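A.B. asks: using only what follows, build the 3D model:
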Amino acid sequence: MEKIKIAIIGVGNCASSLVQGIHYYAGKDPDEAIGLMHGSIGGYGPGDIEIVAAFDVDRRKVGSDVAEAIFAEPNCTTVFCRDLPKTGVTVRMGHVLDGYSKHMEDHPEHRAFRLSDALEADHDEVVRVLREAGAEVLLNYLPVGSEHASRFYAECALEARVALVNCIPVFIASDPVWAQRFEERQLPIIGDDIKAQLGATITHRMLTDLFRKRGVALERTYQLNTGGNTDFLNMKNQSRLESKRTSKTEAVQSVASTRLSNENIHVGPSDYVAWQNDNKVCFLRMEGKLFGDVPMNLELRLSVEDSPNSAGVAIDAIRCCKLALDRKQGGAVYGPSAFFMKHPPQQYTDDDAYQMTEAFIEGIPG
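C.D. replies: Numbering: from 1, shown residues only. As a prediction, this is how the structure comes out:
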């Protein structure tokens, strides 16, 4: 198969797990490899993904080969594929805007953000790099709260005629105006806000759907998450969290039998615990009533390595985006967006989203 050429915005922990995963699975039989949701999608395996461009704004990453930058501080995710060959792709200085929070500079060196003094790339420069690199899919891994920066890069993708996988909770694929603009350019977009392979929100959704199917009245619920990576540190700035809370809460509300009042549901990032590094711990509680109005409650603790937990989903989203490009399908890709993302253009149950995604992969009209 030909390579799927991708560009990455933000070379953080998620990008590290993705790049490691591309190499980790490249030499394996995809149909027998452990940990993949799909070994092959349209004939494309994980090893068919090629990084052709990358942008960041941290001085420890800008100017380095991607294979080195993914291990630079403040990245702290698990290393499961250390011996990577150099990619030949140098991380370029991106455009800053709101792509980082100022409070990130005030932490110990190994976790703090350090803005590069390299000249910022403007719109024309980003478009030029994407075109010259032959990028087909742009992957948005900017920090939560990067509203203006995400839209800046979406504009660049449109002009460079590059598809977009939006992994963060800035509403682009789920905004009809943006989705229409991508459709007019015959460019697919998958988004918004990536679900983990088996993480807090997908587990919360599945249990909420189970309550609905089994006739249990869900009365109140919370999801409290802690972690020690830069994502959690970034989210200590409460002003950057509005879209994240909306995305995670709506992901659960959309599968409940009856929408809960705001005071009876809390789904969202909770606190930064430095020593957890990239480990994310979820504390989940659900309260409801069974037959005869008899009360019940469920409590669950889930511990996962955050970034690898999303990388396999990103690998699938990239390959589905490539399939849409091959088929000249522009605009929001509904099935994969609903299956892979928390805040898609249209919410479906995970069972329905899974079936829609399988049909999309098989080329069955929806």
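
A.B. asks: identify the residue nearest H110 in space, chain neighbours excluded?
C.D. replies: Once flanking residues are discounted, H110 sits nearest to E73: 5.2 Å by CB to CB, 6 or more residues apart in numbering. Where C-beta positions appear, they are placed from N, C-alpha and C, glycine not excepted.

A.B. asks: what number of residues lie near the closest residue in space to L207 that isn't next to it in sequence?
C.D. replies: Once flanking residues are discounted, L207 sits nearest to M286: 6.3 Å by CB to CB, 6+ apart. M286 has 22 neighbouring residues, counting by other CB atoms under 10 Å.

A.B. asks: okay, the one helix or strand K244 maps to in CSV with CA atoms only?
C.D. replies: Per DSSP states H and E: K244 is located in helix 242-253. Output in CSV follows, covering the C-alpha atoms of helix 242-253 (Å, rounded to 0.1, in the frame of the first residue of the first chain):
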residue,chain,number,x,y,z
GLU,A,242,-15.3,25.0,29.0
SER,A,243,-15.3,23.0,25.8
LYS,A,244,-13.7,20.0,27.4
ARG,A,245,-16.4,19.7,30.1
THR,A,246,-19.1,20.3,27.4
SER,A,247,-17.6,17.5,25.3
LYS,A,248,-17.3,14.9,28.1
THR,A,249,-20.6,15.7,29.7
GLU,A,250,-22.5,15.5,26.4
ALA,A,251,-20.9,12.2,25.5
VAL,A,252,-22.6,10.7,28.6
GLN,A,253,-25.9,12.7,28.5
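
A.B. asks: can you give me the buried ones in the next helix or strand after that helix?
C.D. replies: As assigned by DSSP H and E, the chain's next helix or strand after helix 242-253 is strand 265-272. Buried residues in strand 265-272, defined by neighbour count with 16 or more other CB atoms under 10 Å: 265-270, 272.

A.B. asks: any chance of those in TSV, plus distance to T87 and pLDDT?
C.D. replies: As requested, these are exported to TSV (distance: CB to CB, whole Å; pLDDT from 0 to 100):
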residue	distance to T87	pLDDT
I265	43	98
H266	41	96
V267	37	95
G268	35	82
P269	32	78
S270	36	82
Y272	31	93
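
A.B. asks: which SS class is the residue lying farthest from the centre of the chain?
C.D. replies: Here the chain reaches farthest from its C-alpha mean at G292, the gap being 41.5 Å by CA atoms, centre = their mean. Put simply, G292 is helix when judged by DSSP: H, G, I helix; E, B strand; the rest coil.

A.B. asks: tell me the contacts of it?
C.D. replies: Under the criterion of CB atoms under 8 Å, 6 or more residues apart in numbering, G292 has no contact partners.

A.B. asks: do you know how far it is from L298?
C.D. replies: Noted for G292: a distance of 18 Å to L298, by CB to CB, to the nearest Å.

A.B. asks: with I6 instead?
C.D. replies: Taking CB to CB as the measure, I6 falls 39 Å from L298.

A.B. asks: between the two, who's got more neighbours?
C.D. replies: Taking neighbours as other CB under 10 Å, I6 and L298 compare with I6 leading, 26 against 15.

A.B. asks: ok, that one touching E136?
C.D. replies: Yes - counting by CB atoms under 8 Å, I6 touches E136, with 6.9 Å between them.

A.B. asks: the bottom helix or strand of the protein by mean pLDDT?
C.D. replies: strand 265-272 (a mean of 90; mean pLDDT, DSSP states H and E).

A.B. asks: ranges for the helices of this protein?
C.D. replies: Here the chain has its helices, by DSSP state H, at 13-26, 66-69, 123-133, 147-160, 176-184, 200-213, 230-234, 242-253, 306-326, 334-340, 350-362.

A.B. asks: quick one, which of those helices is nearest to N140?
C.D. replies: helix 147-160 (5.8 Å; CB to CB).

A.B. asks: list the buried residues for the closest one?
C.D. replies: Buried positions in helix 147-160, judged by neighbour count with 16+ other CB under 10 Å: 147, 149-150, 152-154, 156-158, 160.

A.B. asks: among the buried residues of strand 265-272, which one lies nearest to D117?
C.D. replies: D117 lies nearest to Y272 out of those, by CB to CB, at 27.2 Å.

A.B. asks: for the helix holding K244, list every residue counted as buried.
C.D. replies: Buried residues in helix 242-253, counted by 16+ other CB under 10 Å: 243-253.

A.B. asks: model confidence over that helix, on average?
C.D. replies: Regarding helix 242-253, the rounded mean pLDDT is 95.
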